[in-house]
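**Q** task: produce atomic coordinates for the following.
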Amino acid sequence: MSTAKYTVTGMTCGHCETSVREEVGEIAGVTGVDVSAKSGELTVTADGPIDDQAVLAAVTEAGYSASPA
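**A** The predicted structure follows:
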């Protein structure tokens, strides 16, 4: 099991968290997504290696910006 942390900017509310959670959750192998608009933190867990570029693209698709923490 792998875990990766990211910093997300632009989130302001629970709806923002849901959007990010849904997009990142669609990545193959992802088993958990924990995101906080308040702290701007995103933690992703997966069965295997986590593809940083796929996570960053998913956050962008949700309408926000992210970078590895």
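**Q** distance of T7 from D47?
**A** According to Cβ to Cβ, to the nearest Å, T7 and D47 sit 24 Å apart. (Each C-beta comes from the backbone N, C-alpha and C, glycine too.)
**Q** what does A66 give?
**A** The value you get for A66 to D47, if Cβ to Cβ is used, is 21 Å.
**Q** compare those two (neighbour count), which wins?
**A** Ranked by neighbour count (other Cβ atoms under 10 Å), A66 and D47 place A66 first, with 23 against 11.
**Q** tell me if I'm right that that one and A4 touch.
**A** No - contact between A66 and A4 fails when scored by Cβ atoms under 8 Å: they sit 10.8 Å apart.
**Q** the host helix or strand of T45: partners in the sheet, and parallel or antiparallel?
**A** Using DSSP states H and E, T45 maps to strand 41-46. Strands adjacent to strand 41-46 in the sheet, as given by DSSP bridges, are strand 2-9 (antiparallel), strand 30-36 (antiparallel).
**Q** how much space between S36 and S67?
**A** S36 is 16 Å from S67, by Cβ to Cβ.
**Q** wait, what's in contact with the closest residue to Y64 other than its chain neighbours?
**A** Once flanking residues are discounted, Y64 sits nearest to G10: 4.2 Å by Cβ to Cβ, 6 or more residues apart in numbering. The contact partners of G10, by Cβ atoms under 8 Å, 6 or more residues apart in numbering, come to 16, 63-65.
**Q** repeat that with 10 Å
**A** 16, 20, 37, 40, 59, 62-66 (Cβ atoms under 10 Å, 6 or more residues apart in numbering).
**Q** for M11, same thing?
**A** M11 neighbours (Cβ under 10 Å, 6+ apart): 17, 19-20, 35-42, 59, 62-66.
**Q** before we move on, back to that, of all the strands paired with strand 41-46, which one comes closest to D52?
**A** Each of the strands paired with strand 41-46 was scored for nearness to D52 using Cβ to Cβ, and the closest is strand 2-9 (6.8 Å).
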